[in-house]
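Student: Sequence first, predicted coordinates after that:
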Amino acid sequence: MEITTAVTTIATTGEDVRVVCSPLAVRVVNDQLMQLERGFIDPLGLPGRAWYRHVVYAPSSHNSYAGQAFPGLADAMFDIENAANQNERWEEVKKQLAVITYTVQSAATAIEEGGL
């Protein structure tokens with residue numbers, strides 16, 4: 001299942017729940033949202049910051065006042081043109097893209113297996 005399809009399904013289900021107002025239906029949608037969120041967790045954490053495990057967002061490692069979308073990828077690409085070993089940094093970029101792809105697909109699969 002694609003993540004777009006999975007999220008659209010949850011949104012449609014959520015709209016149906018608002019009409020029905022059943023506590024059980026609300027619980028089902030909440031469980032699906034929790035499964036979606038858990039899919040974005042990388043047990044290994046971010047490179048150099050293993051205590052942050054969310055692949056989609058985390059505090060920025062370069063700006064203490066901001067958050068960062070896709071922090072592993074952003075960290076790998078930060079100032080890459082001035083890096084001593086650019087090839088190594090590009091390999092890290094590829095690795096982070098693979099981690100993002102896997103976790104997004106994992107989140108979609110978790111929703112699918114959760115009963116959608």
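Tutor: Thanks, I have it. Numbers count the residues shown, from 1 in each chain.

Student: pLDDT below threshold where in this protein?
Tutor: The chain contains residues with pLDDT under 70 at 1, 6-7, 9-11, 13-21, 113-116.

Student: max-length helix in this structure?
Tutor: In the chain, taking DSSP state H as the definition, the longest helix is helix 86-113.

Student: If we go by neighbour counts, what in it is buried?
Tutor: By neighbour count with 16 or more other CB atoms under 10 Å, helix 86-113 contains the buried residues 89, 92, 96, 99-100, 103-104, 106-108, 110-112. Just so you know, the C-beta spots here come from the backbone N, C-alpha and C atoms, and that holds for glycine as well.

Student: need the strands for the protein, in chain order.
Tutor: 57-59, 67-69 (DSSP state E).

Student: Of these, which is nearest Thr4?
Tutor: Comparing those against Thr4 with CB to CB, the closest turns out to be strand 67-69 (17.3 Å).

Student: tell me which residues of the closest one are tucked away?
Tutor: Result for strand 67-69 [16+ other CB under 10 Å]: buried residues Gln68.

Student: Note down every partner strand of that strand and its orientation.
Tutor: strand 57-59 (antiparallel) (DSSP bridges).

Student: Quick check: buried residues in the partner strand?
Tutor: Quick answer for strand 57-59 (16+ other CB under 10 Å): Ala58.

Student: what's next to it, contact-wise?
Tutor: If you take CB atoms under 8 Å, 6 or more residues apart in numbering as the criterion, strand 57-59 is touched by 46, 49, 52, 66-71.

Student: Repeat the analysis, applying 10 Å as the threshold.
Tutor: Contacts with strand 57-59, where a contact means CB atoms under 10 Å, 6 or more residues apart in numbering, come from 40, 45-46, 49, 51-52, 65-72, 74-75.
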